[in-house]
Structures are given as C-alpha cells and as structure tokens.
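1. Structure for the following, please:
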Amino acid sequence: MIRRRIDYSTIGGTMPGTTRVEIRTLKVGRYVAIENDAYKILSISKSKPGKHGSAKARLELEDIFTGQKRSHVGTVTDNIQVPVIEKGSAVITFVQGNEVNAMDNKTYETLILPLDAEMNLQAGGEIQWMEAMGRYRITRDH
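-> Residues are numbered from 1 along each chain as shown. The predicted structure follows:
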C-alpha cells in the first residue's frame, strides 16, 4: 500500500479531521498535526523577537501512534494544524491476530483496533481508545 503525504499547509487548506490555531495558543500536553501525523507536545520554548524578525517557538513533539520524536520551529503567529481527538472506552469482544475487536460503551458500534503487544488484552476486558485523523490506538487496558 502506498501512502502519499500531502503538506496541506503549503496549499492553504486544512487536513481532514483538523482545525487551525496560532502556535502561541498551544500548551504542553496538547496535540498538533504535521504531515498527516498527530503529535503530542512535550515542550515549548519561545524566543524573543529579534531586530528584524518576530518571536519564534520551538515545539518538541512525540508521534502518538509510533512514539517517534521530532521538533518543529515556527513564528508564534504561524497557524498550525490541531487534530480533532476522539476518546472512548470499549469492551473487548475477541482478539484475533494483530487486531482487537471491541464494542464501544456509548454507541455500541464495533471497533477494530490494532493490537498493542505490551498490553494484556483478553475478551471481556475493558479498554480505552483514541482516534486521530482516521487512525486508532488503544491507550489503556483496565
């Protein structure tokens, strides 16, 4: 499967499942979307404006799905994409291969989530999940 990356910031649009905010409004622990990936903000450092420039912000980020770290630098007035994060809880119906089938506790719809090998998941157990930009992840098992 070929996955194409589209940089929506260069064409003036917004990525599906995101909104736009100024970098100055971001806080540690919130999320941003860069190049079709969702990241959690680990730290923010801001510099004072120079003689011919504006204040800059450096964001230290961690991918919420892979754990990969990266940084992003921009002026505090730049707009950046923020993913719409949806969270919920579900009951595991069964585990098959690398997939976990679960039933959402609110909507009763069936979810197919990727298996996280570090978690002890069994049928009948409860999990918490999150969704960002069309990708799902199990965040906690009970």
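
2. pretty sure Arg24 is in a helix, no?
-> Yes: the assignment for Arg24 is a helix, going by DSSP: H, G, I helix; E, B strand; the rest coil.

3. how many other residues sit next to the closest residue in space to it that isn't next to it in sequence?
-> Once flanking residues are discounted, Arg24 sits nearest to Val76: 4.1 Å by C-beta to C-beta, 6 or more residues apart in numbering. Every C-beta, even on glycine, is put in place using the N, C-alpha and C of the backbone. By other C-beta atoms under 10 Å, 17 other residues sit near Val76.

4. cool, and Ile138?
-> Ile138: 21 neighbours (other C-beta under 10 Å).

5. mind checking the SS state of it?
-> Here Ile138 is recorded as strand under three-state DSSP.

6. I'd like the distance between it and Ser89.
-> 11 Å (C-beta to C-beta, to the nearest Å).

7. Return the residues in contact with Ala123.
-> Ile92, Thr93, Phe94, Val95 (C-beta atoms under 8 Å, 6 or more residues apart in numbering).

8. give me that answer again for 10 Å
-> Ala123 sits next to Val91, Ile92, Thr93, Phe94, Val95, Val100, Asn101, Ala102 when contact means C-beta atoms under 10 Å, 6 or more residues apart in numbering.

9. So the residue nearest to Arg24 versus Ile23, what's the distance?
-> 5 Å.

10. swap in Lys106?
-> Applying C-beta to C-beta to Lys106 and Ile23 gives a distance of 33 Å.

11. Which one's more surrounded, the two?
-> Just comparing Lys106 and Ile23: by other C-beta under 10 Å the higher neighbour count belongs to Ile23, 22 against 8.
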